[in-house]
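Asks: The sequence and its predicted three-dimensional model are supplied below.
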Amino acid sequence: MRINTQELGSMAFDARIALDGDETAALAADLNKVLEHLDIIKTYDLDGVPPTFTPLAGIRNVMRDDVPAPSLPQPTALANAGDTEDGQFKVPPILSEDGGDR
């Protein structure tokens, strides 16, 4: 599998990463080298090979059980808010009027 500059440009746009033409070409070449190495690994017969050690083996979730409890009263929840309106937190808009990013 190879990545071409058009695909990479589309991915960069989706990730909000600005790349010029030279950067796109260089990154595509680097990513294709990585993919070539992965293709080599795919050729090995790994049937019966046990998984390697992971430091996460045997780790369990140590958080407490989630127990329902009464919510804060609205005035208490809004007490330290920077700005409120109609009993709600008021925050600056993050989208422009047309729905796009600012």
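Replies: Right, received. Where do you want to start?
Asks: For this protein, just list every one of the strands.
Replies: When assigned using DSSP state E, the strands of the chain occupy the ranges 84-85, 88-89.
Asks: Mind checking which residue lies nearest the centre of this protein?
Replies: Nearest to the mean C-alpha position of the chain, by CA atoms, centre = their mean, lies A15 at 9.4 Å.
Asks: what sits against A26?
Replies: Counting by CB atoms under 8 Å, 6 or more residues apart in numbering, A26 touches no other residue. Heads up, the C-betas are built off the backbone N, CA and C, glycines and all.
Asks: measure it to R16 for me?
Replies: Remark: distance between A26 and R16 (CB to CB, to the nearest Å) = 19 Å.
Asks: now D65
Replies: 38 Å.
Asks: Which one of the two is surrounded by more residues?
Replies: Neighbours per residue (other CB atoms under 10 Å) separate D65 from R16, with R16 holding more: 7 against 4.
Asks: just to revisit the earlier point, dump the strands of the chain into a markdown table; add mean pLDDT, mean neighbour count and distance to L78 as well.
Replies: Shown next, in a markdown table, are those (pLDDT from 0 to 100; neighbours: other CB atoms under 10 Å; distance: least, CB to CB, whole Å):
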| stretch | mean pLDDT | mean neighbour count | distance to L78 |
| --- | --- | --- | --- |
| strand 84-85 | 94 | 12 | 5 |
| strand 88-89 | 94 | 11 | 7 |
